[in-house]
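> could you work out the structure for the sequence below:
(2 chains)
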Amino acid sequence: MTLTRPDAAMDDEPAAAMGGHAHYIYAIVPAGTTAPGELTGIDDARIEVIEHGSIAAVVGVLRTGRVFGRRDDLLAHSRVNDAMALRGPVVPVRFGSLLADADEVVTELLLPNGQIFADLLADLTGRRQFLIRARYDEEVVLAEIIVEHADIRMLRDRTRDQSVEMSLAERVKLGELVARALEVKRDVDGAGLLDLLTPHAVDWSFRESGEVDYLLEAAFLVEDKHRSSFDDAAEQAATALAGRARVQLLGPSAPYDFVPGDERWVS
Amino acid sequence: MTVANQRHPGGGGHLQRPSPTGLADVVDIILDKGLVIDAYVRVSLVGIELLTIDARIVVASVDTYLRFAEATNRLDLYEHGGKDLPELMGNGMREGAKGRTSGAIEGIKDALTGDDEEEERERRPVRKSTSRRRRSSDE
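Next up is the predicted model:
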């Protein structure tokens, strides 16, 4: 198998010297799915659908031998996946996946994995991903913590007007106590959010972060027929947290969080 | 982000619905997600792999604690009489978004320019990881 090796052409000299092309893989969809005519992908390339049996690969021709992973590349990847997701089930492929040509798309990708892809697509039919992102109003929640915890209040008063060097140990202790208090709040508020949202989803997947204002970030796989009830629940969650946290709803998008990731599954 | 701060009276309307058109959102949503084609078949483009390393968040680091302490000390309690503080919320949000954006862009840049990945990890102790929970009864 001949694979293009873009790393061999990372110099500033663009494609002219290399001039290679490859097939960039955006997603797997059921055969019969068409791409919107106006949809373009990376390098503004036309989007093609290569079929084999009951499945198909959504691809675009990519010029090799240039720096890859730029802003436009990422946006194009996401644009194509989300546009296809509006038309039916989609298995998004990891950003940056290439095959040498259309033949390889069939022989290396679709042919050996037909059943797996068909099963995945069947499982995703009529379901779409939504992302819920909840962030505390940092100042409000820290104020709550200061009021609720006498030990934090005391350490705060003691360290506030001292230099960091003079009060390092106490500051670390203060931060640790705040981190713990935040965790307790997250557990309580996060559980409240999940109680509202999970009854309307078939699956969910958490994303974690250590930022001060992080409350919850989770992707939800939602049946089309439950979309409005999920939406209502998200609205309710936002109202319940109003003044303390902001809740964002993103989507529908391709089910990025609900396809196999690094597991070895290709024969 | 201006929409984010608007409050609609009379219940409802608190939910924000941003369109994920910004790079930060897209990076967040897609970068380490999606079907991975077997290493034999896949061409990993220019170090993109570096960004997909799953790392647990390190909340228990001195740096993080100092950051929390700093945020706590900075707070002027007298400004927080339990009132509605939309401007403050706005600031918090912009800061948060900025942090994520620059982190991600830095990550990509580092990956592309081949900077030492360990160094990147040390600089950003707070990373994302994904855990999953399935509810089998509804399948």
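> tell me the spacing between A:S229 and A:Y136.
Separation of A:S229 from A:Y136 (C-beta to C-beta, to the nearest Å): 26 Å. Heads up, the C-betas are built off the backbone N, CA and C, glycines and all.
> who has more neighbours out of those two?
A:Y136 (26 against 14; other C-beta atoms under 10 Å in any protein chain shown).
> so the more buried one touches A:Y214, yeah?
Yes - using C-beta atoms under 8 Å, A:Y136 is in contact with A:Y214, at 7.4 Å.
> shaky segments in chain B?
Low-confidence segments of chain B, defined by pLDDT under 70: B:1-12, B:20-22, B:24, B:37-61, B:78-139.
> number of nearby residues for the closest residue in space to A:E176 that isn't next to it in sequence?
Among residues not flanking A:E176 along the chain, B:Y65 sits closest, at 5.0 Å (C-beta to C-beta, 6 or more residues apart in numbering or on different chains). Neighbour count for B:Y65, taken as other C-beta under 10 Å: 20.
> okay, B:Y65 and A:L142: tell me how far apart.
Counting by C-beta to C-beta - B:Y65 and A:L142 are separated by 14 Å.
> cool, and B:K33?
From B:K33 across to A:L142, the span is 32 Å (C-beta to C-beta).
> report the contact partners of whatever residue of chain A ends up closest to chain B.
Residue of chain A nearest chain B, by C-beta to the nearest C-beta: A:G175 (2.9 Å). When contacts are counted by C-beta atoms under 8 Å, 6 or more residues apart in numbering or on different chains, A:G175 is found next to B:T64, B:Y65, B:L66, B:R67, B:F68, B:A69, B:E70, B:T72.
> cool, A:A218 as well?
The contact partners of A:A218, by C-beta under 8 Å, 6+ apart, come to A:L131, A:I132, A:L194, A:L197, A:W204, A:S205, A:F206, A:R207.
> per-residue pLDDT, the fifth one?
A:W204 is assigned 96 on the pLDDT scale.
> ok, then the element right after the helix or strand that it is a member of?
Element membership for A:W204 (DSSP states H and E) is strand A:203-207. Of the helices and strands lying after strand A:203-207 in sequence (DSSP H and E), the nearest is strand A:214-223.
> now that next one: mean pLDDT?
Rounded mean pLDDT across strand A:214-223 is 95.
> and for stretch A:169-184?
On average, stretch A:169-184 scores 93.
> residues of that stretch that come out buried?
Buried positions in stretch A:169-184, judged by neighbour count with 16 or more other C-beta atoms under 10 Å in any protein chain shown: A:E170, A:R171, A:V172, A:K173, A:L174, A:G175, A:E176, A:L177, A:V178, A:A179, A:A181, A:L182.
> can you add secondary structure and give those back as JSON lines?
Converted to JSON lines, those look like this (DSSP: H, G, I helix; E, B strand; the rest coil):
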{"residue": "A:E170", "secondary structure": "helix"}
{"residue": "A:R171", "secondary structure": "helix"}
{"residue": "A:V172", "secondary structure": "helix"}
{"residue": "A:K173", "secondary structure": "helix"}
{"residue": "A:L174", "secondary structure": "helix"}
{"residue": "A:G175", "secondary structure": "helix"}
{"residue": "A:E176", "secondary structure": "helix"}
{"residue": "A:L177", "secondary structure": "helix"}
{"residue": "A:V178", "secondary structure": "helix"}
{"residue": "A:A179", "secondary structure": "helix"}
{"residue": "A:A181", "secondary structure": "helix"}
{"residue": "A:L182", "secondary structure": "helix"}
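> closest one of these to A:V59?
Lowest distance from A:V59 to those (C-beta to C-beta) belongs to A:L182, with 45.0 Å.
> identify the residues contacting the closest one.
The contact partners of A:L182, by C-beta under 8 Å, 6+ apart, come to A:V141, A:I145, A:V212, B:F68.
> swap in A:A31?
Applying C-beta under 8 Å, 6+ apart to A:A31 gives the contacts A:E51, A:H52, A:G53, A:S54, A:I55, A:A56.
> what about whichever residue of chain B sits closest to chain A, which helix or strand?
For chain B and chain A, the shortest gap (C-beta to the nearest C-beta) falls at B:Y65, measuring 2.9 Å. B:Y65 is part of helix B:62-74 when elements are defined by DSSP H and E.
> same question, A:T34
Counting by DSSP H and E, no helix or strand carries A:T34.
> near the closest residue to it other than its chain neighbours, how many other residues are there?
Computed as C-beta to C-beta, 6+ apart, the closest residue to A:T34 that is not its neighbour in sequence is A:V49, at 6.4 Å. By the criterion of other C-beta under 10 Å, A:V49 has 16 neighbours.
> tell me the helices and strands packed up against the helix or strand harbouring A:V49.
Counting by DSSP H and E, the element that carries A:V49 is strand A:48-52. Packed against strand A:48-52 by the contact rule (3 or more C-beta pairs under 8 Å, 6 or more residues apart in numbering or on different chains; DSSP states H and E) you find strand A:55-63.
> now the angle between strand A:55-63 and the helix or strand just after the strand it packs on, please.
The first helix or strand that comes after strand A:55-63 along the chain, using DSSP H and E, is helix A:71-85. Counting by axes from the mean of the first three to the mean of the last three C-alpha atoms, to 10 degrees, helix A:71-85 points 160 degrees away from the direction of strand A:55-63.
> of the contacts of A:A31 - the most surrounded one?
For the contacts of A:A31, the largest number of neighbours (other C-beta under 10 Å) sits with A:I55, at 25 neighbours.
> what residues does that one make contact with?
Contacts of A:I55 (C-beta under 8 Å, 6+ apart): A:I28, A:V29, A:P30, A:A31, A:L110, A:G114, A:F117, A:A118, A:L121.
> out of those, which comes closest to A:S253?
Among these, A:V29 lies closest to A:S253 (C-beta to C-beta), at 14.8 Å.
> and the closest one, its phi and psi?
phi -140, psi 170 (degrees, to the nearest 10).
> next one: the one 10 residues further on
Recorded main-chain torsions at A:L39 are phi -70, psi 130, according to degrees, to the nearest 10.
> and it, what does it touch?
A:I47, A:R79, A:V80, A:A83.
> pipe those into CSV and attach pLDDT and neighbour count per row.
Shown next, in CSV, are those (pLDDT from 0 to 100; neighbours: other C-beta atoms under 10 Å in any protein chain shown):
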residue, pLDDT, neighbour count
A:I47, 97, 25
A:R79, 93, 19
A:V80, 96, 27
A:A83, 94, 21
